[in-house]
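Colleague: Structure, please.
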Amino acid sequence: MQYTDDQQKAIEERGRNILVAAAAGSGKTRVLVERIIRQLIEGELDVDALLVVTFTNAAAAEMRERIEAALEKEIAAASKHDIIARLERQRVLLTGADICTFHSFCQRLIRQHIEAIDVDPKFRLASEQELVLLKSDTLETMLEEKYERPLEADKLPAWEEFISFMDDYGDEKGDEEVKQAILRLHSFAQSQPFPEKWLESQQSGTGQTIADSPWLTAAVPEMRAGLLAVISQYEECAGMALGSDDPALKAAWIPYGELIQQDLAGLDAIREAFNVLESNPDGEKWNELVRQVSKFSWLAMRGKVYGDLKNLYPDMRKQFDERRDAVKKALKKFADTYLNQQAEQIEEDIALNHKTAAIYAGLALDFGRALQAAKKERNILDFNDLVARDPRVETVILPLRDGLTILYKKA
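Modeller: As a prediction, this is how the structure comes out:
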């Protein structure tokens, strides 16, 4: 079987972690099977020392079948007795090898080490439909409790803030939009290594200045690309008549070339202000960029000097006008998208958005804890529960067979 250079590298690489990323149908499973078979033939390991996990039972079964078929093929082709004996042993060990789904592996691991965690040994995995209903009921109950006016005076400010928040972010249908947002945020948090810790981090602080805002960090690459595209697009206009041998056209183009260079000088001032902001961002530099963009104006084409091109080469003039107008619109869109506020206004928005995000994070935290309590009461788990994530634990070492261990170290 022929493999590409990259596939061959994935098969033969040893002594380090590797990641194989490729499109569907590109041969990832075939490469993985070949990598396993090579190691079994060379006696590097036994098949039951491997952990191979997939997303579906069908994929796990297919992987096992492919490895078995590859083993049988190698046994039939082998001539040396020791190799045949080794591969026959691997075929026997294959029946007990850890080739399974993530769910089943984690579930088995929990049952093997049930004494190490706070889970009833008789737990069961909840179905998707059961979880949907449980989440809905739990969230409804949690919000009903939060709507109740507290008797304690010290709890009134938090209650009033909650009521105001629900009034602001609910709609004519009630609080359904807020409920869906809480569920989405809770679901997203589960993709973090430590969901509760991540949600708590969204509540801390009072927001950021523009200098350390994630918004600016994300916006700067897009701003650079947008601004450079505007300038590059206009620079191309300067060369519209360069390839012509017509002296009259070149003469008629001279005032347009001068116009473009003057416009580009203003655009370069904007680019320089952006470069200064990008190198060391702060509110003052942001405001300077806003000032440079707001004071920039396109030169007007007035006077007889622009008449020759218009009269003698109307198609060229029309093409220039269209391209210049497109650049004008692109610059306006750039300014409207990013530079319609001073730094102080943006920082006010950041603070307000942070307050909203903190309230959502708090609700998602409370919902997550209520959901865990509800699942514990019913003695059920879901897939997220199968992945042990305790922020108090720095390192977890779980023994498997033959000295193989799983090591997890907190980042």
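Colleague: Quick check, residue 270 in contact with residue 294.
Modeller: No: here residue 270 does not reach residue 294: they are 10.1 Å apart, not a contact under C-beta atoms under 8 Å. For glycine as for every other residue, the C-beta is placed from the backbone atoms N, C-alpha and C.
Colleague: between those two, which one's more packed in?
Modeller: Legend: neighbour count by other C-beta atoms under 10 Å for residue 270 and residue 294, higher for residue 270 (22 against 11).
Colleague: Report the secondary structure element holding the more buried one.
Modeller: Taking DSSP states H and E as the criterion, residue 270 maps to helix 247-279.
Colleague: and the helix or strand following that helix, what's its mean pLDDT?
Modeller: Using DSSP H and E, the helix or strand that follows helix 247-279 in sequence is helix 283-295. Taken as a whole, helix 283-295 carries a mean pLDDT of 95.
Colleague: So which residues make contact with the next helix-or-strand element following helix 283-295?
Modeller: Using DSSP H and E, the helix or strand that follows helix 283-295 in sequence is helix 307-312. By C-beta atoms under 8 Å, 6 or more residues apart in numbering, the residues outside helix 307-312 that reach it are 248, 249, 251, 252, 253, 256, 316, 317, 320.
Colleague: Which residue lies closest in space to the fifth one, excluding its sequence neighbours?
Modeller: Think residue 253. residue 241 (3.9 Å; C-beta to C-beta, 6 or more residues apart in numbering).
Colleague: contacting residues around the one you found?
Modeller: Contacts for residue 241 (C-beta under 8 Å, 6+ apart) come out as 249, 250, 253, 256, 257, 316.
Colleague: where does it fall, phi/psi-wise?
Modeller: Backbone geometry at residue 241, expressed as degrees, to the nearest 10, gives phi -110, psi 0.
Colleague: and residue 377, how many residues sit next to it?
Modeller: Neighbour tally, residue 377, other C-beta under 10 Å: 8.
Colleague: One more: the one 4 residues further on?
Modeller: Using other C-beta under 10 Å, residue 381 has 20 other residues around it.
Colleague: Now it: phi and psi?
Modeller: Backbone torsions of residue 381, given as degrees, to the nearest 10, read phi -130, psi 160.
Colleague: Also residue 301?
Modeller: Here residue 301 shows phi and psi, under degrees, to the nearest 10, equal to phi -90, psi 80.
Colleague: Who's the closest spatial neighbour of it, skipping the chain neighbours?
Modeller: The spatially closest residue to residue 301, leaving aside those adjacent along the chain, is residue 259, at 6.6 Å (C-beta to C-beta, 6+ apart).
Colleague: Retrieve the pLDDT associated with that neighbour.
Modeller: pLDDT, residue 259: 95.
Colleague: thought it was touching residue 302?
Modeller: No: counting by C-beta under 8 Å, residue 259 does not reach residue 302; the two are 10.6 Å apart.
Colleague: got any residues that touch both of the two?
Modeller: Counting by C-beta under 8 Å, 6+ apart, nothing touches both residue 259 and residue 302.
Colleague: and those two? which has more neighbours close in?
Modeller: Using other C-beta under 10 Å, the more surrounded residue of residue 259 and residue 302 is residue 259, with 20 against 7.
Colleague: so how far is residue 253 from that one?
Modeller: 10 Å (C-beta to C-beta, to the nearest Å).
Colleague: How about residue 200?
Modeller: The gap separating residue 200 from residue 253 is 64 Å, by C-beta to C-beta.
Colleague: between the two, which one's more packed in?
Modeller: Per other C-beta under 10 Å, whichever of residue 200 and residue 253 has more neighbours is residue 253, with 23 against 15.
Colleague: In contact with that one, which residues are there?
Modeller: Residue 253 touches 240, 241, 309, 316, counting by C-beta under 8 Å, 6+ apart.
Colleague: And residue 331, by the same measure?
Modeller: Applying C-beta under 8 Å, 6+ apart, one finds that residue 331 lies in contact with 230, 267, 293, 296.
Colleague: and which of those residues is nearest residue 381?
Modeller: When the contacts of residue 331 are ranked by distance to residue 381 (C-beta to C-beta), residue 230 comes first, at 54.0 Å.
Colleague: give me the element that closest one is part of.
Modeller: Following DSSP H and E, one finds residue 230 within helix 214-237.
Colleague: now residue 69
Modeller: Judged by DSSP H and E, residue 69 forms part of helix 57-77.
Colleague: Check which residues of that helix are buried.
Modeller: 59, 60, 63, 64, 66, 67, 68, 70, 71, 74, 75 (16 or more other C-beta atoms under 10 Å).
Colleague: Any stretches of the stretch 101-250 of the chain with poor pLDDT?
Modeller: 205-207 (pLDDT under 70).
Colleague: where along it do the strands fall?
Modeller: 124-125 (DSSP state E, counting those that start in this stretch).
Colleague: got a list of what residue 303 touches?
Modeller: residue 255.
Colleague: Could you pick out the longest helix of this structure?
Modeller: Secondary structure of the chain read by DSSP state H shows that its longest helix is helix 343-378.
Colleague: on that earlier part again, out of the contacts of residue 253, which is nearest to residue 279?
Modeller: Nearest to residue 279 among these, with distances taken as C-beta to C-beta, is residue 240, at 33.9 Å.
Colleague: Spatially nearest residue to that closest one, not counting backbone neighbours?
Modeller: Excluding the flanking residues, the one nearest residue 240 by C-beta to C-beta, 6+ apart is residue 320, at 6.3 Å.
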